[in-house]
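K.L.:
Sequence plus predicted model, see below.
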Amino acid sequence: MSTGLNTEPTRGACLVSRSPFYYGWIIIVGSTIGLIMTSPGQTYGVSPFVEHLIADLGISRSLISTLFAVGPLAGSLALPFIGRGVDRRGPRFMGVLIAGALGVSCMAMGLVDSTVTLCLGFVALRTFGKGGLDLVSTNVINQWWVRRRGMAIGIAGLGMSLLGFGAFPVFVNRLIAAYGWRSAYTILGLILLLVMVPVSFILFRDHPEDYGLKPDGYVKHSTELEKISGEHGAQAQPEAVLEETWTAGEAVRTVAFWILVLGIGFIVMAGTGLFFHLVRIFGDNGLNATIAAAVFVPIGLTQAAIILSSGLLADRVPVRFLLTIALVVQALSLTITQYMQSVTLALVYGILLGITGGLMRLVASVVWANYFGRRHLGSITGISSVLLIGGSALGPVPLGIARDQLGSYQAPLIAMSVISLVLAVASLFAKRPARAFAPEPQIKTS
């Protein structure tokens, strides 16, 4: 059982020891696959099924929006336990467990026949997909990379954007067209069980310290460092970085934590609402469902480019500035939503959503480890995930109610634009917190 950052190499570390290069690169590959496999639990993964669920179950848009909110809110209560599980049992064990649970949840979604079972299905999809597997896949990268954490997250985010945001909705639409929405969910479940469970077991490893390594590829013992440097004629390794360690309780008592949670959470909330109602939003503007599905391509491509470039920036630029930019761009996209009546403007809309999503994804992936260290990262991200998923759950509700009661989405879109700008200003002040109490021992990370 993994209980922390161990000081001796773990037995049976064959795959790590035989790797011809730093194993953290393999961790990036496994994490990228994991992030892509969260797609059935992401809003863009549920969106293609919404119209079919409304038609087959005979429910209103307001009701399905509410179920989508209630389900994840209830499911998010499990995330602190998942986070603690990652800290105690490690990403490998939790990855296998959660990937299996998500696969079974997808297969169960193909059997829903009432509002109760639909709500339970949303609970499971969001808990194990958007929450659990996302948390594990991000956490394992943060454990293996510190100095180049932004770069590592950027690479994983690139794959997520291209094959998740960009390709998954198109893939699901084709599955639904060919086999029906129920069979499509069954196929997605089988893919998770046959692909992601083995990937978690074979590729994921808990901490580099377990294998005599340090994050970013440095070995632990100075004699080994000198030997490596001498063999390759390289300069001495850079000085060790002291990584400040915060507990979850300490982190949540900082102002920065709450500003960041509100900023990231509101982007997730607004984005969830837009993606959930995307087909109807496009229809109200005279654009059909095919164009709505196609807009995920520019979203994915732009998000991929932003994540990759901002991944390099995150190692050099304070992440709070990236969050501010994301919120400002979101305000612009929310405004355009009200006037999107051409394919060209829909393309621009997709690019803006991609910029926002890319920057948000990067910030959410690196900020907790950057601000509060790695030792209690699972617990801290577990708490933040509850709040973020809560925000994402509420996103579709005001839009659904406004559409049913007022006939348009305009009122909530205007309100969300204003809130985005207010949070953009607040994010400028979310500096890395300084301790006002006795710290835990710091951890050398190289």
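P.N.:
Nice, thanks for sending it over. Because the structure is a prediction, the values reported are computed rather than measured.
K.L.:
Do a quick rundown of the helices in the stretch 1-150 of the chain.
P.N.:
Along the stretch 1-150 of the chain, the stretches classed as helices by DSSP state H, counting those that start in this stretch are 14-18, 24-37, 43-57, 61-75, 79-109, 115-125, 134-144, 149-160.
K.L.:
any chance of these in a markdown table, with distance to residue 337 and mean neighbour count too?
P.N.:
Every C-beta, even on glycine, is put in place using the N, C-alpha and C of the backbone. Shown next, in a markdown table, are those (distance: least, CB to CB, whole Å; neighbours: other CB atoms under 10 Å):
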| stretch | distance to residue 337 | mean neighbour count |
| --- | --- | --- |
| helix 14-18 | 47 | 12 |
| helix 24-37 | 26 | 23 |
| helix 43-57 | 15 | 19 |
| helix 61-75 | 16 | 21 |
| helix 79-109 | 28 | 22 |
| helix 115-125 | 24 | 19 |
| helix 134-144 | 26 | 27 |
| helix 149-160 | 24 | 25 |
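K.L.:
Select, out of those helices, the one closest to residue 216.
P.N.:
Shortest separation from residue 216 across the helices of the stretch 1-150 of the chain is recorded for helix 24-37, at 7.0 Å, computed as CB to CB.
K.L.:
orientation of the closest one relative to helix 149-160 in degrees?
P.N.:
40 degrees (axes from the mean of the first three to the mean of the last three CA atoms, to 10 degrees).
K.L.:
Quick check: which of the helices of the stretch 1-150 of the chain is nearest to residue 401?
P.N.:
Minimum separation from residue 401 across the helices of the stretch 1-150 of the chain (CB to CB) falls at helix 61-75, 5.4 Å.
K.L.:
any chance you could map the strands in the stretch 301-446 of the chain?
P.N.:
In the stretch 301-446 of the chain, the strands defined using DSSP state E, counting those that start in this stretch lie at 443-444.
K.L.:
how about the helices in it?
P.N.:
Per DSSP H, counting those that start in this stretch, the stretch 301-446 of the chain carries helices over the ranges 319-336, 343-372, 377-394, 396-406, 410-427.
K.L.:
Adding distance to residue 181 and mean neighbour count, write the ones you listed out as TSV.
P.N.:
Formatted as TSV, those follow (distance: least, CB to CB, whole Å; neighbours: other CB under 10 Å):
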stretch	distance to residue 181	mean neighbour count
helix 319-336	28	22
helix 343-372	24	23
helix 377-394	22	24
helix 396-406	18	19
helix 410-427	28	18
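K.L.:
Output the below-cut-off pLDDT ranges for the stretch 201-350 of the chain.
P.N.:
218-243, 289, 310-315 (pLDDT under 70).
K.L.:
Check the gap between the closest residue to residue 261 other than its chain neighbours and residue 335 for me.
P.N.:
Nearest non-adjacent residue to residue 261, counting by CB to CB, 6 or more residues apart in numbering: residue 387, 5.0 Å away. Remark: distance between residue 387 and residue 335 (CB to CB, to the nearest Å) = 26 Å.
K.L.:
Confirm for me that residue 343 is in contact with residue 285.
P.N.:
No. Counting by CB atoms under 8 Å, no contact exists between residue 343 and residue 285, whose distance comes to 10.7 Å.
K.L.:
so the residue nearest to residue 261 touches residue 260, yeah?
P.N.:
No. Counting by CB under 8 Å, residue 387 stays clear of residue 260, with 10.2 Å between them.
K.L.:
Can you tell me how far the residue nearest to residue 45 when sequence neighbours are not counted is from residue 179?
P.N.:
Spatial nearest neighbour of residue 45, excluding adjacent residues (CB to CB, 6+ apart): residue 39 at 4.2 Å. Distance from residue 39 to residue 179, counting by CB to CB: 18 Å.
K.L.:
more neighbours, these two?
P.N.:
Applying other CB atoms under 10 Å to residue 39 and residue 179 shows that residue 39 carries more neighbours, namely 24 against 13.
K.L.:
what sits against that one?
P.N.:
45, 129, 164, 168 (CB atoms under 8 Å, 6 or more residues apart in numbering).
K.L.:
can those go into TSV with extra columns for distance to residue 413?
P.N.:
Output for those, formatted as TSV (distance: CB to CB, whole Å):
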residue	distance to residue 413
45	23
129	27
164	25
168	25
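K.L.:
If you rank these by neighbours, which is first?
P.N.:
Top of these by neighbour number is residue 129, holding 26 neighbours under the definition other CB under 10 Å.
K.L.:
so what's that residue up against?
P.N.:
38, 39, 40, 41, 42, 45, 102, 105.
K.L.:
And the fifth one, what's its pLDDT?
P.N.:
Same thing as residue 42. According to the prediction, residue 42 has pLDDT 84.
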